[in-house]
Structure formats: C-alpha cells, structure tokens
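Chemist: Curious how this folds, go ahead:
(chains A, B, C and D)
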Protein chains: 2
Amino acid sequence: MQNKTPTIADVAEKAEVSTATVSRCLNLPDKVKPEVRERINKAIHDLGYVPSGAARALASRRTYTVGAIVPTIDNSIFSEAIQHLQSGLTQANYTLLLANSGYSLDEELREVKSLLSRGIDGIVLVGEMHHPKVYEAIEQHKIPYVNLWTYNPKSRYSCIGFDHIKAGNQLAQHLLDLGHSKFGIISGFQETNDRALLRFKGIQKTLKAVDLEIPESLIIECRYSVAKANSSLHELLDRDPDITAICCGNDVLAIGALSAARERGISVPDQLSITGFDNMEIIPYLSPALTTVNSPSKRMGSHAAKYLLSHIENKTLDIERIEYTAELIVRETTAKAPK
Amino acid sequence: MQNKTPTIADVAEKAEVSTATVSRCLNLPDKVKPEVRERINKAIHDLGYVPSGAARALASRRTYTVGAIVPTIDNSIFSEAIQHLQSGLTQANYTLLLANSGYSLDEELREVKSLLSRGIDGIVLVGEMHHPKVYEAIEQHKIPYVNLWTYNPKSRYSCIGFDHIKAGNQLAQHLLDLGHSKFGIISGFQETNDRALLRFKGIQKTLKAVDLEIPESLIIECRYSVAKANSSLHELLDRDPDITAICCGNDVLAIGALSAARERGISVPDQLSITGFDNMEIIPYLSPALTTVNSPSKRMGSHAAKYLLSHIENKTLDIERIEYTAELIVRETTAKAPK
DNA sequence: CTGAAAGCGCTTACAG
DNA sequence: CTGAAAGCGCTTACAG
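Modeler: Next comes the predicted model:
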C-alpha cells in the first residue's frame, strides 16, 4: 500500500524503463516497442497511476483545455450550444472550462484573464462586443479564439453564428405582412449585448423602410426573465393600449409577455401578436405555440469545437467567418392585425 | 517589447527582489513590506504578468479548482444550481470545472477520472447512485466531496439535498386527497437516477398505504424531453383511458404531457390532473400553471460551494448531511378527480 | 526505439 | 520581512 500518489518515476521504476519512455508510451504509443508498452501499461494499472495534469501542462505548455464564457448558462439555448461544444471537445480528449459573465463586459474580462492564467489552449466567447482589453489579453497569449453566436463578414476576428440583423428583418417583415403598424419591443439590454442590439436594429430598419418608427416609450429593455417581461408588457400596454405587435428579445421574454396578455384578458394572436427568439425545445409544445426565430445553437456549438481543435492542433491563428441561417418559424402567436 | 510571456523571474528582476518575495506578494501580501509590495505590483502591471496556473498547481499541490459533474446542463434546474455553485466559488477565487454525464454512470466515472487527473481540490456529484469506482477514485485523492441533490441521513458520504421520497409522498397524498385512484407515471430512467427512483418510490408507498397500486403498464420511463413525454402520455392513455392523474418526473415532462392532453382534447385539470417536479422559473407563467414540487436548487448550489471551500481550506474530510425541504406547490393542473 | 538531463514557472521550508 | 535553493511531476530535444 503506497500512501503517496504514484508518479511517472514510480511507473518507470516498476516497468524498468526511463521516465521518458513512460511519457512516450502515454503520448506517442507507437514510438515504443509493444512489449515495453505492455510492461508500462501493467505498471500503470497496478499502481493506479494518474498523470498530473499540472506537471504535464507546465512541461508541454499545453493544457488540453478550452475555455468558454457565456452570458449565462441558465438559458437552455446557451446550454444546448455548450453541450455540443463540450461533447466535441470531450471526443478529442479536451476539457471545457466554463465561465459566465452575467451579461457584464467587465466580468467577462475578469473571467478571460482567469482562464488565460489557468492556461487554456483556445477560447470561445459569445457575441462580438467585448471589453477592448479582452482582445488584447487573448492576442498576447496567441491562442485560437472565436466569437460565437454572431456573424459579421467584416469582423477582425473569427466568428461562428448568424446575422441578427437579418433575423430582425424577417420578424418585422412577417408582422408587416400581417398588417401591423403599431409595435412594442421587449428587448434584452442592448448596451452590453450586441445580439439584442442587432436584432432590434434589424426590426427598426425594416420598419423604417415603410416609414414606420417605434417611439422610445414603446421600447423596454430588461433582464431575460419571465417576470420582468411580464411587467414590461403591462407597462407597454399601459403606455399605449393600441399596440398590436410585440417583438420580444427571446422566447423567455415572450413567455412572460404571453402571461401578461393573458392576465389582461387580451387574446393572442387575435388582439395582439407576440414573437420570441431562439425556438427553445419546449416552445412548440406550449399553447399558444410561439412564432419565433430558430437559433442554430447546436450547430454553432459543434462547429466551435471543430474550429478550436483544428486550430490548436495545427497551431494556426487565421480568421474564419462561418454563417449559419436563422429561420423564422411562424406558429400561433402572430396573426393579422386587428380591425 | 518582450515577445515572451513574462514569468515570475522577470517580475522579480524588474522589482529588484527575489522570486520568493514576488510569490509572497501574490499569495500572502501582508507578509511583504508595503513599499516592496508596491514596487512588485508596478512591475507586474508594467510587464502584464499573469501567473502560470500550471506551475502554481504543481508547486503548491493546489489548483483552486473544483469539479462538478451534473447529468446535463441542458435543464434549467441544474443550471440554476451550477450558477450559484459557481458564483460562490468565484468569490473565493476558485474556478468551477463543469462536466456532464448524460445520466450515464460509466460516463460519470470517466469524467471523474479526468477531473481528478486534471487536479481538482474538491468535487460535487449529483445524486447518491454512482459507479463504485467513483467513490474509490475520489477517496484515493483525499479531496472533499459531496453528493448534491440528495439527502440520506444514513449515507456514508456528505450530501446536500432533499428527501425525494417525502416529495413523492406529498405529491401522492395531494392527489389522493382530491379523490384520485387511477394513476399513471411518466418518469425519468430510474436505473441510473436515484432521484427519479426515490420520487417514484415515495408515490408508490403513499398509494400502497391506501391499498392502491400502479400497474407496470401505466409506468413509463423516458428521457427528460418534452417530445418523449408527449408521446408517453398518448401511450398511457391508449393503454388505459380511465387514468385521472399523471405524475411526471419533472416539469419538462409535465409540459410534454400537458401538450398531449391538449392534442387529445382532454381538459386539464377537469378530466386529468398532471403534476411536475422542480418548479422551473417559467412554470407559474404558463397556462395552466403546473402543480409541482419546488427543488431548492439555488440554495443547494450555494451550500455546495460553501461546503467545499471550508473543507478545502481546513483540510478536513468529515461527513456532513444537509437537508433542505421541497414543498408541494399547488397550482392549476390538479383538481378533484372527475365523476 | 530508448535514456540522461535540462527545463517548464512556480512555492515553501529553512536560514537569516 | 527577505533570499537561496530544492522540489513539484512531467516533456522534449539531443545522443545513441
């Protein structure tokens, strides 16, 4: 019974080889003779040897770890992406270090620094809007990096995502086609969230094309919570009872808005149309089922894993910009404008 | 312009002190004279020095990292717990390493080993049912460990959670009080999920006390997905149209069941009562709002952070068992049994 | 295919 | 309060 955790030296001694050979056996097995390999594997098994990640990282300058910072994991849409990112990494024997910024740019910077000091081989962030020092810090470390959930052909950085402006366009056009002209907006905070901002810009632009404008007073920004959205819709309707269409920043907000409409006895979609964003798993099973836009979260997550792994393995840092499409999904919460 | 990442030696040189002093300045600031400290901090800042986590971990045998393995992060209820676990750790300058097992015990074991080799100072798992080697591996590493989401006064391991049997009792009693006698169950897979198993056992026990028994054919186990629950309810109702109460393993399943009832034109709760579990954030805003049981996920998550941190700092490994209560929340999906 | 040895960047008794 | 030096457990040219 050894009461000390066995090291590579213990394995080497037991297998009667050098530590260098044990190391090779672990990392480049074909470079060691099969019979030796067998002896080493037996020793490893007998000793219950587990390599020290810290020592390996220090010596090899590789951690086999990738960092990701999302605004929150408490949103099924990010969870889906992370789940897929993670499984892509796990298959390649990489581990995901997950942090969340709570939609704060300063907090995100802190997390980036912490991950960097921890030693990561690659990093993924959500959106394109970050603290300027974030880019600085990452570039200093010379590791592959990608902005997820956003697509900007002119970005200086790699990105994997979709065009939020286009998505906003589609939403607005759909509502316009249904004859709506009186809009309200319940959005996430746009100052620190470029996805929220761009979606709104998209809506705004499409409306402007037909000379429609949403007054400041009918745009509410709030935290992505059902409760906040509920009170926001009440607020909006108090300010202007003639609104016939509400665009919500995501499905969670839309669920809150739906509940407020119900409380007011306003029927959706007959009197009021409501749209969401993301197409969360449960949405089609709700009644009424939300009209929303599909965020390709799983595909983005998987792609991020692939991107990072290939760039880490090849030690390349060139920029890639991948665009996925986000389709409008019309369901039961939008209909012709009343009257 | 240095084109090499600065090390502690560079800082030491620039500040004209030894590396030992820089190290102390970082870890035990009060042990170094204020003026020296200032010089060092300036050097750190000027150089843009970031300590190497790997080197620190290797030398100190501490990683300031805690591992957590949950069945899936794609469930808002686990996300909430993780969010709180994480924020507790972050405040103490620890980082959370998150992995998920996909409800597989073998996968969980793999993840445990990977985390252990990575070097973690503590670990939290969900539930009490694990691969026997999981306990073995963790004990060999002598790090604090806690089973979350479960409370068992007789457990050999620390646990922070609630009593799933009691929760099942409450659910069944509520339905019994409403006059139900014909039950159906849509549960998660019980073989690898002790929470699912115990909740069911709780229901079963309470029913048995009044001589009621749920036949095998009216118990369906499935993945925690809305779609699966939807088809499960159809299946159940095909097998026995006289069922008046359905207990679902969690809220996600209940939402699926609700949608199936709607598809069949069965009114809830008049003709059919449905219960969920967890009380996810959106539940009270849905229509009908689910009768469910509140899982104290946030409190469990925070407590896990506290538990781990204190045991890591004090290098203690004694067992603690913390019980939270899970209350039944009666809303709109349960009512008196028809007829 | 294998080994001796330097080195990765820190921490930590030990002395002073 | 500070420094010299050993050591943490690996990897990796370099030789052979």
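
Chemist: right, is stretch A:16-36 up against DNA strand C?
Modeler: Yes: contact check for stretch A:16-36 against DNA strand C, using Cβ under 7 Å from any atom of the strand: residues in range are A:Glu16, A:Val17, A:Ser18, A:Thr19, A:Ala20, A:Thr21, A:Arg24, A:Asp30, A:Lys31, A:Val32, A:Lys33, A:Val36. To be clear about C-beta, it is placed using only N, CA and C from the backbone, and glycine gets the same treatment.

Chemist: For those residues, could you give me a markdown table that also reports neighbour count, secondary structure and pLDDT?
Modeler: Below are the residues of stretch A:16-36 next to DNA strand C laid out as a markdown table (neighbours: other Cβ atoms under 10 Å in any protein chain shown; DSSP: H, G, I helix; E, B strand; the rest coil; pLDDT from 0 to 100):
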| residue | neighbour count | secondary structure | pLDDT |
| --- | --- | --- | --- |
| A:Glu16 | 11 | coil | 92 |
| A:Val17 | 19 | coil | 93 |
| A:Ser18 | 13 | coil | 92 |
| A:Thr19 | 14 | helix | 93 |
| A:Ala20 | 11 | helix | 92 |
| A:Thr21 | 20 | helix | 94 |
| A:Arg24 | 18 | helix | 93 |
| A:Asp30 | 8 | helix | 88 |
| A:Lys31 | 10 | helix | 88 |
| A:Val32 | 20 | coil | 87 |
| A:Lys33 | 11 | coil | 90 |
| A:Val36 | 16 | helix | 89 |
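
Chemist: I'd like the next helix or strand past the host helix or strand of A:Ser259.
Modeler: A:Ser259 is part of helix A:251-264 when elements are defined by DSSP states H and E. Secondary structure here is assigned by DSSP H and E; on that basis, the next helix or strand after helix A:251-264 toward the C-terminus is strand A:273-275.

Chemist: Direction included, what does whichever helix or strand comes after that following strand pair against?
Modeler: Proceeding N to C from strand A:273-275, the next assigned helix or strand is strand A:292-293, under DSSP H and E. Counting by DSSP bridges, the strands paired with strand A:292-293 are strand A:328-329 (antiparallel).

Chemist: Contacts for the partner strand, please.
Modeler: Surrounding strand A:328-329, the residues in contact under the criterion Cβ atoms under 8 Å, 6 or more residues apart in numbering or on different chains are A:Ala167, A:Gln170, A:Leu171, A:His174, A:Asn279, A:Thr291, A:Thr292, A:Val293, A:Asn294.

Chemist: Which of these has the largest number of neighbours?
Modeler: The most neighbours of any of those, using other Cβ atoms under 10 Å in any protein chain shown, belong to A:Thr292, which has 28 neighbours.

Chemist: can you count the residues close to the nearest residue to it once chain neighbours are set aside?
Modeler: Nearest non-adjacent residue to A:Thr292, counting by Cβ to Cβ, 6 or more residues apart in numbering or on different chains: A:Gly276, 3.9 Å away. Applying other Cβ under 10 Å, we find 28 other residues in the vicinity of A:Gly276.

Chemist: Phi, psi for A:Gly276 please.
Modeler: A:Gly276 adopts backbone torsions of phi -110, psi -160, taken as degrees, to the nearest 10.

Chemist: Check the contacts of strand A:328-329 and tell me the two furthest apart.
Modeler: A:His174 and A:Asn279 (14.4 Å; Cβ to Cβ).

Chemist: Which parts of the stretch 51-200 of chain A are strands?
Modeler: With DSSP state E, counting those that start in this stretch as the criterion, the stretch 51-200 of chain A has strands at A:65-70, A:95-100, A:122-126, A:145-148, A:159-162, A:183-187.

Chemist: Identify whichever of these lies nearest to B:Asp163.
Modeler: It's strand A:95-100; of those, that one is closest to B:Asp163 (Cβ to Cβ) at 30.2 Å.

Chemist: Can you tell me which helices and strands that closest one packs against?
Modeler: In terms of contact count using 3 or more Cβ pairs under 8 Å, 6 or more residues apart in numbering or on different chains; DSSP states H and E, strand A:95-100 is assigned the packing partners strand A:65-70, helix A:76-91, helix A:105-118, helix B:76-91, strand B:95-100.

Chemist: Next, find the distance separating A:Tyr145 from A:Leu97.
Modeler: If you measure A:Tyr145 against A:Leu97 using Cβ to Cβ, to the nearest Å, the figure is 14 Å.

Chemist: A:Lys315: neighbouring residues, count only.
Modeler: Neighbour count of A:Lys315, defined by other Cβ under 10 Å: 9.

Chemist: and the residue nearest to A:Leu175 when sequence neighbours are not counted, how many neighbours does it have?
Modeler: In this structure, A:Leu175 finds its nearest non-sequential neighbour in A:Ala245, 4.8 Å apart by Cβ to Cβ, 6+ apart. Around A:Ala245 sit 25 other residues, with neighbours defined as other Cβ under 10 Å.

Chemist: A:Ala245 bridge partners, please.
Modeler: A:Phe183, A:Ser273.

Chemist: what's the spacing between A:His234 and DNA strand C?
Modeler: Taken as Cβ to the nearest atom of the strand, to the nearest Å, the spacing of A:His234 relative to DNA strand C amounts to 53 Å.

Chemist: correction: A:Ala172
Modeler: Between A:Ala172 and DNA strand C the computed distance is 52 Å (Cβ to the nearest atom of the strand).

Chemist: residue contacts, that residue?
Modeler: A:Ala172 makes contact with A:Gly202, A:Ile203, A:Gln204, A:Lys205, A:Thr206, A:Leu207, A:Cys247, according to Cβ under 8 Å, 6+ apart.

Chemist: Then A:Ser232?
Modeler: Contacts were defined as Cβ under 8 Å, 6+ apart; by that measure A:Ser232 touches A:Ile186, A:Ile220, A:Cys222, A:Leu253, A:Gly256, A:Ala257, A:Ala260.

Chemist: quick one: low-confidence ranges for chain A?
Modeler: By pLDDT under 70, the weakly predicted segments of chain A are A:1-3.

Chemist: what residue lies at the spatial centre of it?
Modeler: Nearest to the geometric centre of chain A sits A:Phe78, at 4.7 Å (Cα atoms, centre = their mean).

Chemist: From A:Ser181, how far off is that one?
Modeler: Distance, A:Phe78 to A:Ser181, by Cβ to Cβ: 34 Å.

Chemist: for A:Arg264, same thing?
Modeler: A:Arg264 sits at a distance of 21 Å from A:Ser181 (criterion: Cβ to Cβ).

Chemist: same thing with A:Asn193?
Modeler: With the distance defined as Cβ to Cβ, A:Asn193 ends up 27 Å from A:Ser181.

Chemist: same check, this time on A:Ile246
Modeler: As defined by Cβ to Cβ, A:Ile246 lies at a distance of 13 Å from A:Ser181.

Chemist: and the spatially closest residue to A:Leu290 that is not a sequence neighbour, what does it touch?
Modeler: Of all residues not flanking A:Leu290 in the chain, A:Gly276 sits nearest, at 4.3 Å (Cβ to Cβ, 6+ apart). Contacts here follow Cβ under 8 Å, 6+ apart; on that basis A:Gly276 touches A:Cys248, A:Asn250, A:Asp251, A:Leu253, A:Ala254, A:Ile255, A:Ile283, A:Leu290, A:Thr291, A:Thr292, A:Val293, A:Thr333.

Chemist: Pick out whichever of those residues sits closest to B:Leu197.
Modeler: With Cβ to Cβ as the yardstick, the closest approach to B:Leu197 among the contacts of A:Gly276 comes from A:Ile283, at 30.2 Å.

Chemist: The closest residue to the closest one other than its chain neighbours: neighbour count?
Modeler: The spatial neighbour of A:Ile283 that comes closest, neighbours along the chain excluded (Cβ to Cβ, 6+ apart), is A:Leu290 at 4.9 Å. With neighbours defined by other Cβ under 10 Å, the count for A:Leu290 comes to 29.

Chemist: What parts of chain A come near DNA strand C?
Modeler: Contact residues (Cβ under 7 Å from any atom of the strand) of chain A with DNA strand C: A:16-21, A:24, A:30-33, A:36, A:55, A:58-59, A:61.
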